[in-house]
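A.B. asks: Prediction below, plus the sequence it came from.
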Amino acid sequence: MCSTRSNVARPPTSPPCGPHLAGSLLAGTSRARSEVALAPLDIARATLRERFGHPDFRPGQARAVEAVLAGRDTLVILPTGGGKSVCYQVPAMQLEGLTVVLSPLISLMKDQVDALDARGIPATFINSSLSQSEIASRLAQVHRGEIKLLYLAPERFDAGTTAERLKNIGVSLLAIDEAHCISEWGHDFRPSYRKVRDIRARLGAPPTVALTATATPDVRKDIARVLGLRDPEVVLTGFDRPNLRWHVVRTKNDAEKDGTLVSILRDRPGLAVVYASTRKTVERVASMLQKHRISAVAYHAGLDDERRRTVQDDFMQERARVIVATNAFGMGIDKANVRLVVHHAMPGSLEAYYQEAGRAGRDGLTADCFLLHAFQDRFTHEFFIKGASPEKEVVADVYATACRKSAADGSLALDSAELAAAAKGKISDREVDSAMRILRHAGAVVEASGDMGHVRVRLLATPERIKDELGDAPSMELDLLRALWRMTKGAVADGVALELDRLPPGLGGQMMVPGMLEDLQAKQMLVWSRVGEGTSMVDRKAPLSRWPVDWETLERRRLSELAQLEMVQKYAYADRCRRGFVLRYFGDPAATASCQQCDNCLHLGHAAVSTMPSAGGARGSKAKGGTAAGRGKAGSGAKSAELPDLTEAQETLLARLRELRSNLSKDDGVPAYVVFPDRTLREMARVRPRTPGALGDIHGVGPTKMERYGEQVLDLLRNG
């Protein structure tokens, strides 16, 4: 008989409990053959080989797994593609109880669970994409002991008894993915992650493993502090991804970015992820690529679930070569053989850039990462930082306006736009939203969900319109409207409060009526709300100083975000090794002066887009100056190699080649340098190749450009 589950992790001495798990997970493995002789880590290695198909652990994984199996709190920092999930998935197979995985990446949960199911490991997820009945069914599976890994978003614990139910079942391990989200100094701070420490306590304080791919020394300390990790084992293997090559392309505007992106994709084969900052840009860029006959799909939160699944499946099955995604959604893309990641605009932090670019080359093969940078990109980020972290004067203005515009009972009917318009200063809707969030956190503002059984309803439609649109045929909506009219004796036309349970029982009471009211409101037949629902000022006469707002922390956070933004721009304008720049930022001792892999170390200059090979060794050469790619424009401190002087005849030929390039660029609607960089034209004029093979040997003439422009260029070179 199975013993009662414990909240303390320990190497098991018997198979996991539960009718469907006992003796099943590890049957046939090395553990089953020699359980007594094997140490916990040896059992884990057998599991890794026979369940996951990996011959051995990657760097850092064994140490992390051993610490987790020993019941220690553990902080794991492995680079993207370094196999963080193994650090909790493998131990989960050996621990007696349930492993709960907290993750903000809802779009990845299903993929992770499907992968575990394919390996015969019982796992499930619960998030907002599921119906209440499906959630109840999955929790019942967990309660019966049929599940070993349960994936949840932190928001799942906001209300209800989820934590208490899981505690009673027995949680052996809490895994916190993307743990940098818990630190307000991290690049992706999420307020919901601040609740994780409380969630951990409510689960019975099980051993905890926190995992991230990007965390500076300060963020690592903050993660351990906020979570309350007990003397954690810190596993840090380094941040270097030696198979990735780093490039920055400096541009003036979106048109140059688009042209450069097309050139990059034509010159480099393989799957590509393109990050864009807004849904609008995602749609525009995907459409632009399609017009250039590049198979691309758009992927963002504005898509409905069915379209989102179709798009992701098209990319995962390689029916689409390029997926253009918003930064947040792109992190849900988990495909190992992505050969290229391009950022259409700079992210807000170096951590975000490194993590997002890390989607490339997860199979360990060579991949390229491009940042298309325009100086004005930072202004967009500054606008968002200003909106998300309003200064004290803005919060004070919003508070005074909300108090002034609230009713005597404190209720506030104005939305963000109306509050912004009523404020004394010039304030954006985004700043109002952030100010109200700060005030809610301080206790000055409350949000009430309302009384479930009491509603306020006002009829908008006339009897004639109701008859025209709903007709005389029996329907629940028509029955509800008639009941409201009879029950209130027509007063519903002016707005009334009523108890749902006083309506005819055939209408379904609290279970059915709210849904029908919502449908009728969508048809603009009526408006409704729950009594007590909405925003209220706790004490509309109290001064702002009464509320405990931590202004110092808010200001530090704002300055930290601006400093992170500045660091990305420094990276974009760096004239030394880019890999070394990033590794020094993360405090990685592996940072070196030169990597011989990035555009700066290879002195690619403006020819980087066309001369960097798609695989193998670099064949780029030094360029004079630069207008768009590599280290790019004026201000680069790179030393240029001198190009051979051309003869007078060669200079004449170069002028004709430039004229041809200009015509080709107009035909294709791209900047001239996208057709051929100037250095490539100079070499054509000097060498004057007359065959396709000889032209193909010129730096900057890849197979795609040979196919597209080769015939016209050769015609000029032969006859010019």
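C.D. replies: Perfect, I can see it now.

A.B. asks: you'd agree L565 is in a helix?
C.D. replies: Yes: applying DSSP: H, G, I helix; E, B strand; the rest coil, one finds L565 inside a helix.

A.B. asks: so what's it up against?
C.D. replies: Residues in contact with L565, defined by Cβ atoms under 8 Å, 6 or more residues apart in numbering, are G348, S349, R378, H381, E382, I385. No exception for glycine: its C-beta is placed from N, CA and C like everyone else's.

A.B. asks: how about JSON lines for the residues you listed, with distance to A423, secondary structure and pLDDT added?
C.D. replies: Listed next are those as JSON lines, based on distance: Cβ to Cβ, whole Å; DSSP: H, G, I helix; E, B strand; the rest coil; pLDDT from 0 to 100:
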{"residue": "G348", "distance to A423": "26", "secondary structure": "coil", "pLDDT": "89"}
{"residue": "S349", "distance to A423": "30", "secondary structure": "coil", "pLDDT": "88"}
{"residue": "R378", "distance to A423": "27", "secondary structure": "helix", "pLDDT": "86"}
{"residue": "H381", "distance to A423": "24", "secondary structure": "helix", "pLDDT": "86"}
{"residue": "E382", "distance to A423": "21", "secondary structure": "helix", "pLDDT": "86"}
{"residue": "I385", "distance to A423": "20", "secondary structure": "helix", "pLDDT": "84"}
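
A.B. asks: Can I get the buried ones among the residues you listed as something I can paste into ChimeraX?
C.D. replies: Under the burial definition 16 or more other Cβ atoms under 10 Å, those of the contacts of L565 that qualify are selected in ChimeraX by:
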select :348,349,378,381,385
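
A.B. asks: Nearest to S172 among the contacts of L565?
C.D. replies: S349 (34.5 Å; Cβ to Cβ).

A.B. asks: which one of the contacts of L565 is nearest L517?
C.D. replies: The closest of the contacts of L565, once distances to L517 are taken by Cβ to Cβ, is I385, at 39.8 Å.

A.B. asks: Tally up the residues packed near V76, please.
C.D. replies: Residue neighbour count, defined by other Cβ atoms under 10 Å, stands at 31 for V76.

A.B. asks: quick check, it in a strand?
C.D. replies: Yes: with three-state DSSP as the criterion, V76 is part of a strand.

A.B. asks: what stretches of the stretch 151-300 of the chain score poorly on pLDDT?
C.D. replies: Scanning the stretch 151-300 of the chain for pLDDT under 70 picks out the ranges 158-161, 184-192.

A.B. asks: Looking at the record's assignment, how would you partition this protein?
C.D. replies: For the chain, automatic domain parsing gives the domain ranges 30-236, 244-374+561-611, 381-449+536-549, 454-532, 648-719.

A.B. asks: could those domains be laid out in TSV, adding distance to E555?
C.D. replies: Supplementary listing: those in TSV, determined by distance: least, Cβ to Cβ, whole Å:
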stretch	distance to E555
domain 30-236	12
domain 244-374+561-611	11
domain 381-449+536-549	8
domain 454-532	35
domain 648-719	42
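
A.B. asks: In the stretch 151-300 of the chain, mark out all the helices, start to finish.
C.D. replies: Using DSSP state H, counting those that start in this stretch, the helices of the stretch 151-300 of the chain run over 162-169, 196-202, 217-227, 254-267, 279-291.

A.B. asks: how about those helices, which one is nearest R530?
C.D. replies: helix 162-169 (23.3 Å).

A.B. asks: quick one, what contacts the closest residue to P548 other than its chain neighbours?
C.D. replies: Spatial nearest neighbour of P548, excluding adjacent residues (Cβ to Cβ, 6 or more residues apart in numbering): A442 at 5.6 Å. By Cβ under 8 Å, 6+ apart, A442 lies in contact with W547, P548, V549.

A.B. asks: Now restrict these to buried residues only.
C.D. replies: W547, V549.

A.B. asks: Narrow the contacts of A442 to those in helices?
C.D. replies: If you go by DSSP state H, those have nothing in helices.

A.B. asks: Closest to A407 out of the contacts of A442?
C.D. replies: Nearest member of the contacts of A442 to A407, counting by Cβ to Cβ, is W547, at 19.8 Å.

A.B. asks: you'd agree the closest one is up against A444?
C.D. replies: Yes: assessed by Cβ atoms under 8 Å, W547 is found in contact with A444 at 4.3 Å.

A.B. asks: picking that back up, any idea of the pLDDT on the residue nearest to P548?
C.D. replies: pLDDT, A442: 88.

A.B. asks: That one and S137: what is the separation?
C.D. replies: 40 Å (Cβ to Cβ, to the nearest Å).

A.B. asks: Over to V196?
C.D. replies: 26 Å.

A.B. asks: If you count surrounding residues, which of the two has more?
C.D. replies: More crowded of V196 and S137, by other Cβ under 10 Å: V196, with 24 against 12.

A.B. asks: so what's the more buried one up against?
C.D. replies: Per Cβ under 8 Å, 6+ apart, neighbours of V196: L102, P154, I176, I182, V226, L227.

A.B. asks: Show residues contacting stretch 686-693.
C.D. replies: For stretch 686-693, the external contacting residues (Cβ under 8 Å, 6+ apart) are 644, 646, 650, 653, 694-695, 697-698, 706, 710, 714, 717-718.

A.B. asks: As JSON lines, the contacts of V196 with distance to Q596 and neighbour count would be great.
C.D. replies: Formatted as JSON lines, the contacts of V196 follow (distance: Cβ to Cβ, whole Å; neighbours: other Cβ atoms under 10 Å):
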{"residue": "L102", "distance to Q596": "40", "neighbour count": "28"}
{"residue": "P154", "distance to Q596": "42", "neighbour count": "21"}
{"residue": "I176", "distance to Q596": "37", "neighbour count": "28"}
{"residue": "I182", "distance to Q596": "37", "neighbour count": "28"}
{"residue": "V226", "distance to Q596": "40", "neighbour count": "17"}
{"residue": "L227", "distance to Q596": "40", "neighbour count": "22"}
